[in-house]
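1. sharing a sequence plus its predicted fold:
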Amino acid sequence: MTQIHPVILCGGSGTRLWPLSRTALPKPFLPLVSEQTLFQQAVARVAGDDRFAPPIVVAGAAHVGLIEAQLGDTPGARLVIEPAAKNTAPAIALAAALLPEDAVMLVCPSDHHIADPAAFRAAALAAAALAREDYLVSFGIAANRPETGYGYLMRGEPLPGGFAIQQFVEKPDLARAEAYLASGEYSWNGGIFAFRAGHLLAELAAHRPEMARAVREAVAAGQAEGRQFHPAPAPFAAITGDSIDYAVMEKTARAAMVPADMGWSDIGTWASLAEALADTADAAGNICRTSGAGAVDLDGCEGVFALTDGPRISAVGLKDVCIIISGSEVLVTSREGAQRVGKLPGASTP
């Protein structure tokens, strides 16, 4: 079997997980769910399986040191260093341009948690089979609640191992999210994709020709240094950035999805991290995480997520609240309000 090429995207700053996630040490490089960081989990998810090639990591220059340290001596790994942040479409296109045209690429964010790696690999194989038939394939994440923070995919006609995508739906309000969940026709759009590299570039050339041309020029004039590849800065800087969904997926006639029920979470907020750690909760649904000299005392609390790396957290009679202490910063939010943490002034500090 031809190997699948994992492409791991390292971008964003994870501001909704402030104050633990900072510009200098963002979410992918933190050990949030296990002793491994989310980035290390993404690499390990396909390691030691000869159906998958060594990973290509695409990231900005600011985090190269973190990536190199956490990649360690991963055999065959490559690191593509973006000259500028231009969203996911150019980042994915860079990796595609460095692969053979017939290579199947599996595009994965570096900051997601997947509880069932075997189910992930099974979905990846199904997606790769469709990608070899020149479908552009998205993982359709099994929706288990009326989530308003995610985009949705509406399933269309059945395909071998998956479905055509009938419609891409932006983040809905609660009423529509409840209707989507009740219909059973919708999945969450988790931002995981499979493409044949040459076909992805052809679709990009059809829908965003200026972006495709700039990526080709940046790769052609780029330079390799060991396992790092540096695209040429000038043509890449001229790109008008866009997501892969807007640039290609919502425009192509070959969009498909494979269903994936794999314990997925984007760990996008403190509330979603608490959900990912639900198996560590006490009988009242409280989750306590400490490091260093940290300690947590809860009395009469329910559904509280408390994390500290030093000062003691003491709480009485609280329900569905997140209390986070990192260094000198303290955050207190309801689980419902956790989506808005990234808008706080402190979240933009280094």
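-> Perfect, I can see it now. These numbers come from a predicted model, not from an experiment. Numbering: from 1, shown residues only.

2. show me where the stretch 251-350 of the chain has its helices.
-> Listed in chain order, the helices found in the stretch 251-350 of the chain under DSSP state H, counting those that start in this stretch are 270-276.

3. next, give phi and psi for the residue lying closest to residue 237 once chain neighbours are set aside.
-> Excluding its sequence neighbours, the residue lying closest to residue 237 (Cβ to Cβ, 6 or more residues apart in numbering) is residue 84, at 5.3 Å. C-beta coordinates here come from the backbone N, C-alpha and C atoms, glycine included. Per-residue torsions, residue 84: phi -160, psi 160 (degrees, to the nearest 10).

4. show me where the protein has helices.
-> 38-44, 64-71, 88-97, 117-131, 174-183, 197-207, 209-220, 233-237, 244, 270-276 (DSSP state H).

5. residue 285 versus the residue most central in space within the chain, what's the distance?
-> Nearest to the geometric centre of the chain sits residue 109, at 3.0 Å (Cα atoms, centre = their mean). In this structure, residue 109 and residue 285 are 28 Å apart, going by Cβ to Cβ, to the nearest Å.

6. so what's the residue nearest to the centre of the chain up against?
-> 8-9, 42, 191-192, 266 (Cβ atoms under 8 Å, 6 or more residues apart in numbering).

7. again, only using 10 Å
-> 8-12, 28, 38-39, 42, 88, 190-192, 266-267 (Cβ atoms under 10 Å, 6 or more residues apart in numbering).

8. with residue 235 instead?
-> If you count contacts by Cβ under 10 Å, 6+ apart, then residue 235 has 83, 213-222 around it.

9. let's see that with 7 Å instead.
-> For residue 235, the contacting residues are 214, 217-218, by Cβ atoms under 7 Å, 6 or more residues apart in numbering.

10. so which of these wins on neighbours?
-> residue 218 (25 neighbours; other Cβ atoms under 10 Å).

11. may I have the predicted confidence score for it?
-> Here, the pLDDT recorded for residue 218 equals 98.

12. thought it was touching residue 231?
-> Yes: counting by Cβ atoms under 7 Å, residue 218 does reach residue 231; the two are 3.8 Å apart.

13. just for the protein, where's the confidence low?
-> 1 (pLDDT under 70).

14. run through who's touching the longest strand seen in it.
-> In terms of residue count, the longest strand belonging to the chain (DSSP state E) is strand 186-196. If you take Cβ under 7 Å, 6+ apart as the criterion, strand 186-196 is touched by 96, 102, 104-109, 124, 127-128, 131-132, 134, 136-143, 147, 150-154, 180, 244, 257, 259, 264.

15. in strands, which of those fall?
-> Per DSSP E, those map to strands at 104-109, 136-141, 152-154, 257, 259, 264.

16. roughly how far is stretch 223-239 from the heart of the chain?
-> 23 Å (Cα atoms, centre = their mean, to the nearest Å).

17. all further residue positions should be reported with the first residue as 471.
-> Taking 471 as the first residue, the last one we looked at is stretch 693-709.

18. with only the CA atoms kept, save it in CSV.
-> As requested, the backbone C-alpha atoms of stretch 693-709 are provided in CSV (Å, rounded to 0.1, in the frame of the first residue of the first chain):
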residue,chain,number,x,y,z
GLN,A,693,16.1,26.4,0.3
ALA,A,694,16.5,23.2,2.3
GLU,A,695,18.7,23.1,5.4
GLY,A,696,18.8,19.6,6.9
ARG,A,697,15.3,18.6,7.6
GLN,A,698,14.0,22.1,7.4
PHE,A,699,12.7,23.8,4.2
HIS,A,700,12.4,27.5,3.9
PRO,A,701,10.1,28.8,1.1
ALA,A,702,11.2,32.0,-0.5
PRO,A,703,9.8,34.9,1.5
ALA,A,704,8.9,37.4,-1.2
PRO,A,705,6.3,35.4,-3.2
PHE,A,706,4.8,33.9,-0.1
ALA,A,707,4.4,37.4,1.5
ALA,A,708,2.3,38.5,-1.5
ILE,A,709,-0.4,35.8,-0.7
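
19. mind listing what's buried in it?
-> Within stretch 693-709, the residues scored as buried using 16 or more other Cβ atoms under 10 Å are 699-702, 705-706, 709.

20. for stretch 756-764, same thing?
-> 756-760, 764.

21. any idea how far it is from the chain center?
-> 26 Å.
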